[in-house]
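Undergrad: sequence and predicted structure below; questions after.
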Amino acid sequence: MFYKDERLALFIDGSNLYAAAKALGFDIDYKLLRQEFMRRGKLLRAFYYTALLENDDYSPIRPLVDWLHYNGFTMVTKPAKEYTDSMGRRKVKGNMDIELTVDAMELAPRVDHIVLFSGDGDFRPLVASLQRQGVRVSVVSTIRSQPPMISDELRRQADNFIELEDLRDVIGRPPRDVSAEPRNIAAAGGK
């Protein structure tokens, strides 16, 4: 439940939200997402958290990060750590939980309602602390994927659980019609 006069802040765990949307088979239109929550209340801030591979010449997330930064989102990034696991596989580590938690705790006295876009159970103590400070907390994730992308503990702690699938028509990017796009003849083996 949202109230028009309440001060809202969005906290988006970028990798977690991306994984949940992918599990449901759609992409998020962040302009529509921001507009939807501006409609639901007085949106003070929309934070987006992600780790970036700094040593790559091109990061696939860089265009999104730049677009969000120029379109009203407060970007919180840090360099991801790259390592090789015991099986010799390249792995990337870039947890943003502490940054998100600190920012939410600092902003809590100035907001009425926080919307957390994550299903990570590690945020349960944060949600409980925000609630003790009088802040209502909604969590956006999904239980409709296999496996569910939200921890049961986080869902139970939240004041309100918003199923990401239910937002698809409001914040989802329309699927591209591949059949309507011009084909590259040379790439298809033609002349």
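TA: Sure, I can see it. Remember, it's a predicted structure, so these values are computed and weren't measured experimentally.

Undergrad: for the lengthiest strand in the chain, buried residues please.
TA: Counting by DSSP state E, the longest strand found in the chain is strand 42-52. Residues 42-43, 45-52 are the ones in strand 42-52 that count as buried (16 or more other Cβ atoms under 10 Å). From N, CA and C alone the C-beta is placed, and that goes for glycine too.

Undergrad: same thing with stretch 94-110?
TA: Using 16+ other Cβ under 10 Å, the residues of stretch 94-110 that count as buried are 94-96, 100-101, 103-104, 107-108.

Undergrad: strand partners (parallel or antiparallel) of the helix-or-strand element of the chain with minimal mean pLDDT?
TA: Of all helical and strand segments in the chain, the minimum by mean pLDDT, DSSP states H and E falls on strand 90-93, at a mean of 77. Pairing partners of strand 90-93, with direction, according to DSSP bridges: strand 81-84 (antiparallel).

Undergrad: contact partners of the partner strand?
TA: Under the contact criterion Cβ atoms under 8 Å, 6 or more residues apart in numbering, strand 81-84 has outside partners 53, 55, 90-94.

Undergrad: reformat these as CSV; add distance to Val139.
TA: Supplementary listing: the contacts of strand 81-84 in CSV, determined by distance: Cβ to Cβ, whole Å:
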residue, distance to Val139
Leu53, 28
Asn55, 34
Arg90, 32
Lys91, 27
Val92, 25
Lys93, 24
Gly94, 21
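
Undergrad: now, of the residues you listed, which are buried?
TA: Neighbour-count burial (16+ other Cβ under 10 Å) is assigned, among the contacts of strand 81-84, to 53, 94.

Undergrad: so which of the contacts of strand 81-84 is the closest to Ala20?
TA: Closest approach between these and Ala20, by Cβ to Cβ: Gly94, at 17.3 Å.

Undergrad: wait, what's in contact with that closest one?
TA: Gly94 is in contact with 15, 50-52, 78-81, counting by Cβ under 8 Å, 6+ apart.

Undergrad: tell me the pLDDT of it.
TA: In the predicted model, Gly94 carries a pLDDT score of 82.

Undergrad: check Ile185 too.
TA: As predicted, Ile185 sits at a pLDDT of 44.

Undergrad: over to Val178?
TA: Predicted confidence (pLDDT) for Val178: 48.

Undergrad: got it, and Arg173?
TA: On the pLDDT scale, Arg173 gets 89.

Undergrad: now swap in Tyr70 and tell me
TA: Looking at Tyr70, the pLDDT reads 94.

Undergrad: what segments of the chain are helices?
TA: Residue ranges of the helices in the chain, as given by DSSP state H, are 14-24, 30-40, 62-70, 97-107, 124-132, 152-157, 168-171.
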